[in-house]
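1. got a predicted structure here, sequence first:
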Amino acid sequence: SDLVSSWLQAAAAGGAAAAAWALVEPLDQRLFRFPYSDVAILGKLVTRGPRWRAIGAAMHVTNGVVAGLVFQAVYELIGGNLFWLAIAFAMVEHVVTYPLTLLTDRYHPARGAPELPPMSRSGRAFAQATFRHLLFGVVLGLLVSV
């Protein structure tokens, strides 16, 4: 049905948007001259071994799938333009979750690793995270509105 396909599309779009984010990380690290990596935050939460990058990428894409489903629920609740709502959704998620960097800075088991510099008081980290969430919202919005 159309209802099932819109939920599947949103889940796939969220996963694809998170994959795009993960692929762009090495580029934005150079652009913003700040080494933090969301893939590392997730992967190094589980292991500091050689597979942290693959595990972190899988976790990041999974989070994207969940975000796509949450986005679909929000869309069904409030409606509106899918593309712009996806961008607004991603930016709200960014502003709401960024304060969690205080916890990452203090308690993450791999804090101090090159990919996990202190972020909570860094303008560069905030700008970088803003860019990443904007990218996520644009890709999500493009893929759910086709």
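-> Everything's here; your move.

2. contacting residues around the spatially most central residue of the chain?
-> The centre of the chain sits closest to Ala18, judged by C-alpha atoms, centre = their mean, with a distance of 5.5 Å. Neighbouring residues of Ala18 by C-beta atoms under 8 Å, 6 or more residues apart in numbering: His60, Val61, Asn63, Gly64, Val65, Ala67, Phe136. (Each C-beta comes from the backbone N, C-alpha and C, glycine too.)

3. ok, longest helix in the chain?
-> Criterion DSSP state H: the longest helix present in the chain is helix 2-31.

4. now the next helix-or-strand element following that helix: mean pLDDT?
-> Note on helix 2-31: by DSSP states H and E, the next helix or strand toward the C-terminus is helix 38-46. Taken as a whole, helix 38-46 has a mean pLDDT of 97.

5. in the helix or strand hosting Ala90, what's buried?
-> Element membership of Ala90, judged by DSSP H and E, is helix 82-97. The neighbour-count check on helix 82-97 (16 or more other C-beta atoms under 10 Å) flags Leu82, Phe83, Leu85, Ala86, Ile87, Phe89, Ala90, Glu93, His94 as buried.

6. same question for stretch 19-26.
-> Residues Ala20, Trp21, Ala22, Val24, Glu25 are the ones in stretch 19-26 that count as buried (16+ other C-beta under 10 Å).

7. for the second one, give me its contacts.
-> If you count contacts by C-beta under 8 Å, 6+ apart, Trp21 has them with Asp38, His60, Gly64, Arg132, Leu135, Phe136, Val139.
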